[in-house]
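Student: sequence first, predicted coordinates after that:
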Amino acid sequence: MKHISILFFLLFFTKIAFAQNETEEQLSFYLPNQDIKMYYSFEEALKEPLEVKIFSLNMFNTGGENVQDTMLYHLEKFKNLERLELSEYTLEEVLPYIKKLPKLQYLNYSTSHVFNLPKEIGELTSLVHLSLLSNELLSLPAEVGKLKNLKYFSCTNNEITALPKEIGQLENLLYLELSHNDLRTLPEELGNLTKLKSLRLNINKIKNIPQ
């Protein structure tokens, strides 16, 4: 078994983890393909639902109140949706329904005041990018280990105190961002992430490195 200390060596003594400039590969996880149209309203997207590949859901395109039922009803029509932005919402029940989107690869569920993720998150097996930035997560379910295709995973700026050992099952993970949490320990299984290029752990409370 590869020791977690190897990852820490890479973290603190190479340019990989804390590079000032993002590489083109990293940026590809943040930025949508400029050649693909992004839809910002249901009114526009529902005119051609099967053409929708990127959709951004926010306060301004749902009318504010009672957005949950409306969103769930319409999202099921976007059969070819690949990228979904779900920011600034408290839709704690939304993730179990997103599993109905078979081509979904990118999910941004940030700044939504989420405390817990449902087990159903593990059913989104087509995900390549999962961003949970700036929520209020205290932990991650073991089911995240089922996201075998995940390459980018960010939980920056939450309140996570420990990681499930199953995170070591993310065999294709390239970028793992866990900065600004309340982590005190790390599972040894993190050392199984042999493809990992970047591991960010600054602003945590980690004292000991497991052997």
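Tutor: Received the coordinates, thanks.
Student: when you work out contacts or count neighbours from here on, use the C-alpha atoms and nothing else.
Tutor: Will do.
Student: helices along this structure, start to end?
Tutor: 4-13, 24-30, 42-45, 67-75, 95-98 (DSSP state H).
Student: what does the last one rub up against?
Tutor: What it means is helix 95-98. Outside helix 95-98, the residues that touch it by Cα atoms under 8 Å, 6 or more residues apart in numbering are 72, 75, 117-118, 120-121, 124.
Student: 7 Å instead?
Tutor: Applying Cα atoms under 7 Å, 6 or more residues apart in numbering, the contact partners of helix 95-98 are 120-121.
Student: re the thing from before, could you identify which of the helices of the chain has the lowest mean pLDDT?
Tutor: If you rank the helices of the chain by mean pLDDT, helix 4-13 sits at the bottom with a mean of 44.
Student: where's the closest residue to Lys77 other than its chain neighbours relative to Tyr109, distance?
Tutor: For Lys77, ignoring the flanking residues on the chain, the nearest one in space by Cα to Cα, 6 or more residues apart in numbering is Pro49 at 6.0 Å. Pro49 sits 22 Å away from Tyr109, taking Cα to Cα, to the nearest Å as the criterion.
Student: now swap in Lys77 and tell me
Tutor: From Lys77 across to Tyr109, the span is 20 Å (Cα to Cα).
Student: so what's the residue sitting furthest away from the middle of the chain scoring on pLDDT?
Tutor: Largest separation from the mean C-alpha position in the chain: Lys47, at 28.9 Å (Cα atoms, centre = their mean). The score at Lys47 is 94. That number is its pLDDT.
Student: the one 10 residues further on too?
Tutor: For Leu57, the pLDDT comes out at 79.
Student: who's in contact with the closest residue in space to it that isn't next to it in sequence?
Tutor: The shortest distance from Leu57 to any residue other than its chain neighbours is 5.4 Å, reached at Leu86 (Cα to Cα, 6+ apart). Going by Cα under 7 Å, 6+ apart, Leu86 touches 56-58, 108-110.
Student: please apply the same query to Leu57.
Tutor: Taking Cα under 7 Å, 6+ apart as the test, what Leu57 contacts is 40, 85-86.
Student: JSON lines for the residues you listed, including pLDDT?
Tutor: Formatted as JSON lines, the contacts of Leu57 follow (pLDDT from 0 to 100):
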{"residue": "Tyr40", "pLDDT": "88"}
{"residue": "Glu85", "pLDDT": "89"}
{"residue": "Leu86", "pLDDT": "83"}
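Student: tell me which of those residues is nearest to Leu196?
Tutor: Ranked by distance to Leu196 (Cα to Cα), the contacts of Leu57 are led by Glu85 at 24.8 Å.
Student: right, and the closest one touches Gln105 too?
Tutor: No - with contacts counted by Cα atoms under 7 Å, Glu85 stays clear of Gln105, the gap being 11.3 Å.
Student: so in terms of bridging, what pairs with the spatially most central residue of the chain?
Tutor: Centroid-nearest residue in the chain: Leu130, 1.8 Å away (criterion: Cα atoms, centre = their mean). Beta bridges link Leu130 to Leu107, Phe153 when assigned by DSSP bridges.
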